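A.B. asks: generate a structure from the sequence data that follows.
(chains A and B)
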Protein chains: 2
Amino acid sequence: MNAEFIAVGTEILLGDIANSHARFLSLEFAKLGIGVYFHTAVGDHLGRIVDQLKLALDRSQVIVITGGLGPTDDDLTRKAVADACRLSLAYDEEAFQALIVPYFERLGRSYLDVHKRQAERIGDAVFLPNSRGTAPGQYLEWEGRHLFLLPGPPLEMQGMYNDEVKPILERIAGSGSITSRVLHLFGIGESAAELKVLDLLRVQSNPTIAPLAGEGEMLFRITAKAETKEEALALIAPVEKEITDRLGHYIYGYDEDTLSLIVFRRLLEMGAKAGFAESCTGGLLSSMLVEIPGSSDVFAGSLVAYQNEVKVEQLGVSEAVIMNDGAVSEETAKQMAQGIRDRLKCDFGVSVTGIAGPTGGTAEKPVGLVYVAATDGKTTKVAKHVFSGSRTQVRVRAAKAALKQLLDLLNDTEVKI
Amino acid sequence: MNAEFIAVGTEILLGDIANSHARFLSLEFAKLGIGVYFHTAVGDHLGRIVDQLKLALDRSQVIVITGGLGPTDDDLTRKAVADACRLSLAYDEEAFQALIVPYFERLGRSYLDVHKRQAERIGDAVFLPNSRGTAPGQYLEWEGRHLFLLPGPPLEMQGMYNDEVKPILERIAGSGSITSRVLHLFGIGESAAELKVLDLLRVQSNPTIAPLAGEGEMLFRITAKAETKEEALALIAPVEKEITDRLGHYIYGYDEDTLSLIVFRRLLEMGAKAGFAESCTGGLLSSMLVEIPGSSDVFAGSLVAYQNEVKVEQLGVSEAVIMNDGAVSEETAKQMAQGIRDRLKCDFGVSVTGIAGPTGGTAEKPVGLVYVAATDGKTTKVAKHVFSGSRTQVRVRAAKAALKQLLDLLNDTEVKI
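C.D. replies: Numbers count the residues shown, from 1 in each chain, chains lettered A, B, ... in the order given. You can find the predicted model right below:
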């Protein structure tokens, strides 16, 4: 079975937004073992969308078309699919009441007449509910093809994919399994990690090993094909073991893990709470943890201490230390971590202080210099990093390094709590 | 003149990397006034690349194909173009010596025999030098079409575009200017905003008006074509005035503006500093301001007060208010804003408290309910919002609403500082 994706939207062709759907869907289809042969982006132009759909219907079994499901005149996808498949497009009052009206009721807003267009059904398509927006999707089986119409906003599209599309695809993709195992590494660059396993990368075909660089971290994806998931996992196991033997020190998680998710789970297991004192990351570290639903159980709060006087007055950092060692120093990082722990009366205090750039660096303290510290009240561990990249990259890498610093401390102090 | 882009590489179809070329080239082509009708990504498969090229040669005057110019068996783009155009592919020793050998010499490395493939010329194509890698590009005029073959690594592609392709395109695209003006709106949905200017959207062709939805905000891009930039701006001005007459209340900025950038500039002009008290946004609000280089001049710091006891102990929110009104309430938001201003001794205090979800909502206080407050010590303004969307969306929208609340206060209190 092969598939292709069509993203509709003139804003993509103008470069205003990236076509992020193609990558999301490709990663998902790879997990299901469905080959993807083409990504296309096309503008809000009926004729060109219809032409592209005809081409796709001719060469692909599964077609996902994203965008153009809104209520305005520019939203042409429903009409284009109906035209390409020579099917009717008919307003469905029942679907409108069931799928669209409740969304407006929940927000306490009124729908407009134009929103009824979103309940126009193509032939005998099945509507796909959208809990995150007004546009329902549609799923159509037509002459042996499977067509999915999904909304353009990424979170709506991804949510609908997970809730509605994936179960249908799992059914139609049938037997055979492509299974992946992802190893997440922190503290080693992509090239250095690849060199350690170059011999494995060269000879493997099933499973394959793909190294991928992330922001301040990297991962290996090991992918195997077999009749069953169990057989695929059995092919993966020895390769995973070999990589772990060589690089285990850097591996912090697996599959869907992120640093913040692992920190969250560890704190939850321990029944402990952490508080953060952030300087150059400016709230980013906190935000990474708060992103996780339920984080209030493990997160005491944080202070973004961007100014020196805030570090002194609110966190109890010694003025002498800031004067002598500077705000970006090992001792300041230590005192910030200890200060936030005391101030918020939590189990663990974590701090980050650094120079995010683009200006503010010196020969001695360059842009990218970052200290992170974590304390449990007895032990305080500090690490020094020098990150490369833009202001944003330095901040992201610094926030991740702070999470890793906390994680290392959590792993050490487990029994004490 | 119209154009399309083809990105070659199975790694794009697997989702391992995003097709970043399409967006880069689209933004560049928009500046030149060349319409882009399609983006396509296709795998390393000769037949499918040839088919895609034939389709593109049939419908587009300018075709840029990226990737697949390396020295390995997987690099099929040269062969595919030669096949699609029925042209020869011949090794050019002179080009090899002039374009490829010096690159290896500069790195102090030796070339391999396979690198000679990169000097295979399609028909009478012109080689495009690559100062950043081993793969030269090629430019081919064929039956009224302009074909550009560019290397896959983004920095090589972008460098070659700027150095080699852009001058050729400027020549063939001829004179004329495409100029855009962007109006940024906050506090109104895309559909509602469109309805206010539906008559304008329907009749405009030069300039065109494109509404675009952002996360919690939206924008209108007005784009005009004319001989000179001045003439294009003269076409834009009356349309901008008409939209401003109808929607001016919601317009907060222009072109590259963002809410945080405008807040930053206003605070800088006033020589004032702001501090934030964040609950559900969990550091995101602070992070949006800290993202701007130089933000330390206007940002005092912030407290992420995720727990009620932190709100009470660190911000001085009344326990009775939290007990009676709740942590997500108008009065709590007010006291948080006042508390952070007092605590950090800054000019403006801003707060946000809400229910980000996915759980924690009630009938009375649903997921998405958010209060934002801003105070200058005399006046404290609070706004209530109910945002839809995922946890991330609610948090992003809440952070932007807090910036807008501050901006409104800054605009009101300008003279007082």
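A.B. asks: quick one: the longest helix anywhere in chain A near chain B?
C.D. replies: For chain A, the longest helix by residue count, based on DSSP state H, is helix A:391-413. Yes - on the criterion C-beta under 8 Å from any C-beta of the partner chain, helix A:391-413 is in touch with chain B at A:391, A:392, A:395. The way it works is simple: take the backbone N, C-alpha and C, and place the C-beta from them, glycine included.
A.B. asks: send me that helix as PDB with only the CA atoms.
C.D. replies: Written as PDB, here are the backbone C-alpha positions of helix A:391-413 (Å, rounded to 0.1, in the frame of the first residue of the first chain):
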ATOM      1  CA  ARG A 391      20.000  33.000  21.300                       C
ATOM      2  CA  THR A 392      17.000  30.600  21.000                       C
ATOM      3  CA  GLN A 393      19.300  27.600  20.600                       C
ATOM      4  CA  VAL A 394      21.400  28.500  23.600                       C
ATOM      5  CA  ARG A 395      18.300  28.900  25.700                       C
ATOM      6  CA  VAL A 396      16.800  25.600  24.600                       C
ATOM      7  CA  ARG A 397      20.000  23.800  25.200                       C
ATOM      8  CA  ALA A 398      20.500  25.400  28.600                       C
ATOM      9  CA  ALA A 399      17.000  24.400  29.700                       C
ATOM     10  CA  LYS A 400      17.600  20.800  28.600                       C
ATOM     11  CA  ALA A 401      20.900  20.800  30.400                       C
ATOM     12  CA  ALA A 402      19.200  21.900  33.600                       C
ATOM     13  CA  LEU A 403      16.600  19.100  33.300                       C
ATOM     14  CA  LYS A 404      19.400  16.700  32.800                       C
ATOM     15  CA  GLN A 405      21.200  18.000  35.800                       C
ATOM     16  CA  LEU A 406      18.100  17.500  37.900                       C
ATOM     17  CA  LEU A 407      17.600  14.000  36.400                       C
ATOM     18  CA  ASP A 408      21.100  13.000  37.300                       C
ATOM     19  CA  LEU A 409      20.500  14.200  40.900                       C
ATOM     20  CA  LEU A 410      17.100  12.400  41.100                       C
ATOM     21  CA  ASN A 411      18.800   9.200  39.900                       C
ATOM     22  CA  ASP A 412      21.400   9.500  42.600                       C
ATOM     23  CA  THR A 413      19.200  10.500  45.500                       C
END
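A.B. asks: please name every helix or strand in contact with that helix.
C.D. replies: Using 3 or more C-beta pairs under 8 Å, 6 or more residues apart in numbering or on different chains; DSSP states H and E, the elements in contact with helix A:391-413 are helix A:259-270, helix A:284-290, strand A:348-354, strand A:369-375, strand A:380-386.
A.B. asks: ok now it, how far from the chain's centre?
C.D. replies: Chain-centre distance of helix A:391-413: 17 Å, with C-alpha atoms, centre = their mean, to the nearest Å.
A.B. asks: quick one: buried residues of it?
C.D. replies: By neighbour count with 16 or more other C-beta atoms under 10 Å in any protein chain shown, helix A:391-413 contains the buried residues A:391, A:393-407, A:409-410, A:413.
A.B. asks: pLDDT below threshold where in chain A?
C.D. replies: A:174-177, A:413-417 (pLDDT under 70).
A.B. asks: domains of it?
C.D. replies: As assigned by automatic domain parsing, chain A contains the domains A:2-173, A:177-254, A:259-416.
A.B. asks: only alpha carbons, please: show stretch A:262-280 as PDB.
C.D. replies: What follows is stretch A:262-280, C-alpha atoms only, in PDB (Å, rounded to 0.1, in the frame of the first residue of the first chain):
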ATOM      1  CA  ILE A 262      11.300  11.600  32.500                       C
ATOM      2  CA  VAL A 263      11.900  14.300  35.100                       C
ATOM      3  CA  PHE A 264       8.100  14.500  35.700                       C
ATOM      4  CA  ARG A 265       7.800  10.700  36.100                       C
ATOM      5  CA  ARG A 266      10.700  10.400  38.400                       C
ATOM      6  CA  LEU A 267       9.400  13.300  40.700                       C
ATOM      7  CA  LEU A 268       6.000  11.700  40.700                       C
ATOM      8  CA  GLU A 269       7.300   8.300  41.700                       C
ATOM      9  CA  MET A 270       9.200  10.000  44.500                       C
ATOM     10  CA  GLY A 271       6.300  12.200  45.600                       C
ATOM     11  CA  ALA A 272       8.700  15.100  45.400                       C
ATOM     12  CA  LYS A 273       8.500  18.700  44.100                       C
ATOM     13  CA  ALA A 274      11.000  20.800  42.300                       C
ATOM     14  CA  GLY A 275      11.400  24.500  41.900                       C
ATOM     15  CA  PHE A 276      13.400  26.400  39.300                       C
ATOM     16  CA  ALA A 277      15.500  29.600  39.400                       C
ATOM     17  CA  GLU A 278      16.000  30.700  35.800                       C
ATOM     18  CA  SER A 279      18.200  33.500  34.400                       C
ATOM     19  CA  CYS A 280      19.000  33.200  30.700                       C
END
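A.B. asks: from the chain's centre, how far out does that stretch sit?
C.D. replies: Using C-alpha atoms, centre = their mean, the offset of stretch A:262-280 from its chain centre is 20 Å.
A.B. asks: repeat for stretch A:367-379
C.D. replies: That offset, for stretch A:367-379, works out to 26 Å (C-alpha atoms, centre = their mean).
A.B. asks: that older thread, between the residues of helix A:391-413 next to chain B, which is nearest residue B:24?
C.D. replies: residue A:392 (18.1 Å; C-beta to C-beta).
A.B. asks: can you pull the contacts of the residue nearest to residue A:20 when sequence neighbours are not counted?
C.D. replies: Spatially, and ignoring its direct neighbours in sequence, residue A:20 is nearest to residue A:154 (5.5 Å; C-beta to C-beta, 6 or more residues apart in numbering or on different chains). Each residue near residue A:154 by C-beta atoms under 8 Å, 6 or more residues apart in numbering or on different chains is listed here: A:20, A:21, A:24.
A.B. asks: mind listing the strands for the stretch 151-300 of chain A?
C.D. replies: Counting by DSSP state E, counting those that start in this stretch, one finds strands in the stretch 151-300 of chain A at the ranges A:177-186, A:208-213, A:217-226, A:251-254, A:274-278, A:299-304.
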